[in-house]
Every structure is written in C-alpha cells, then in structure tokens.
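A.B. asks: the sequence isn't on hand, but the structure is:
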C-alpha cells in the first residue's frame, strides 16, 4: 500500500498515491464532495491507528500485565512486612515495658528490704528502750528503798539518841 502525500490547507491531497495510474481515481476521493473523501480517509487512518494500537498492545500488554502482577505481589508482601514489623515493634514495646516492670519490682524489693531493716531497727530500739526503762525503774526502786532504809536508820538513831538522853533514875543499892 502506498501513502498519499500530505494534504494541503484545504484538505485535498497534493499528489496521488504511487500505485494509482494517472487516469485512476484515488480511493476515498470522489467528485461529489471534498468532505466525503476525507471521511473515508479518516476511517482508513482510524483502522490503521487501531491496528497499530492493537499490535502495540499485543506486544507490550503481556509484559505490562506481568509487571502489574509483580507490583501487586510486591504490594501484598509490603503489607505483610508492615504487619510483621508492627508485631515486632509491639513485642519490643512489650519487652521494654517488661523491663520497666522488672525495674519496678527490683526497686520494690529494694525498698521492701529497707523497710524490713527499719522495722528490725525499730524493734531493737524498742527492746533497748524497754530494757532501759526497766533498768531505770529498778534503779529508782533501789534508790527509794535505800532512801527509805536510810530514813529508817536515821529514825532509829534518833530514837536511840533520845533514849540515851532521857534521864535514867539512879540505881539504889
């Protein structure tokens, strides 16, 4: 098939195609109207464009479909990876929170030990103060008994002295 030359500004072809003789009429051109030939020409061009498009699509469509499939698989794999990554992040957060909880338990154990030690010290101090109170009470009791004894002895001495000072009748013999 031969290709006609470029159309002029009024839409008429400048030269006939090579395969037409000088007396033959060009397909798509008629004497009736200049627009009719143009329409037939366009339909032939449309068919050619359509065939070229189909050929182009048939050539590249399988590759494009494979690429589309590969992209869909890649997208699915990315979704799976994102889900896995989120799960791993949540596990790390859980581990981190477990470390925080372990730190809190360690701190609680430390303070519990301190509390137990303080309690022991308080019990020991209570025992010491109780012993000191008992000791002081004994000392006070002993001091009071000693003072009481001294007062009793003082009274006896005064009584003896008064007895000695009192006049004794002389003995008559």
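C.D. replies: Received, thanks. Everything quoted here is computed from the prediction, not taken from an experiment.

A.B. asks: when you work out contacts or count neighbours from here on, use the C-alpha atoms and nothing else.
C.D. replies: Noted.

A.B. asks: run a quick neighbour tally on residue 153.
C.D. replies: Using other Cα atoms under 10 Å as the criterion, residue 153 is surrounded by 12 other residues.

A.B. asks: then residue 42?
C.D. replies: Residues lying near residue 42 (other Cα under 10 Å) number 14.

A.B. asks: gap between it and residue 58?
C.D. replies: From residue 42 across to residue 58, the span is 23 Å (Cα to Cα, to the nearest Å).

A.B. asks: equivalent analysis for residue 45, please.
C.D. replies: With distances defined as Cα to Cα, the gap from residue 45 to residue 58 amounts to 19 Å.

A.B. asks: ok but residue 171 is inside a helix, no?
C.D. replies: No - note on residue 171: no helix contains this position according to DSSP: H, G, I helix; E, B strand; the rest coil, which reports coil.

A.B. asks: per-residue confidence at the residue nearest the centre of the chain?
C.D. replies: Nearest to the mean C-alpha position of the chain, by Cα atoms, centre = their mean, lies residue 93 at 5.0 Å. According to the predicted model, the pLDDT of residue 93 comes to 88.

A.B. asks: ok, now which ones touch it?
C.D. replies: Residue 93 makes contact with no residue under the criterion Cα atoms under 8 Å, 6 or more residues apart in numbering.

A.B. asks: any idea how far residue 144 is from residue 138?
C.D. replies: With distances taken as Cα to Cα, residue 138 is found 10 Å from residue 144.

A.B. asks: what of residue 134?
C.D. replies: Distance from residue 134 to residue 144, by Cα to Cα: 15 Å.

A.B. asks: low-confidence bits of the chain, can you list those?
C.D. replies: Judged against pLDDT under 70, the low-scoring parts of the chain cover residues 1-41, 167, 169-170, 172-173.

A.B. asks: and the helices in it, which stretches?
C.D. replies: Counting by DSSP state H, one finds helices in the chain at the ranges 34-165.

A.B. asks: tell me the contacts of residue 56?
C.D. replies: By Cα under 8 Å, 6+ apart, the contact list for residue 56 is empty.

A.B. asks: please begin residue numbering at 294 from this point
C.D. replies: That works, and once the first residue is 294, the last one we named lands at residue 349.

A.B. asks: how much space between it and residue 357?
C.D. replies: Counting by Cα to Cα - residue 349 and residue 357 are separated by 12 Å.

A.B. asks: now the common contact residues for those two.
C.D. replies: With Cα under 8 Å, 6+ apart, residue 349 and residue 357 have no common neighbours.

A.B. asks: what about residue 337, how many neighbours?
C.D. replies: Neighbour count for residue 337, taken as other Cα under 10 Å: 13.
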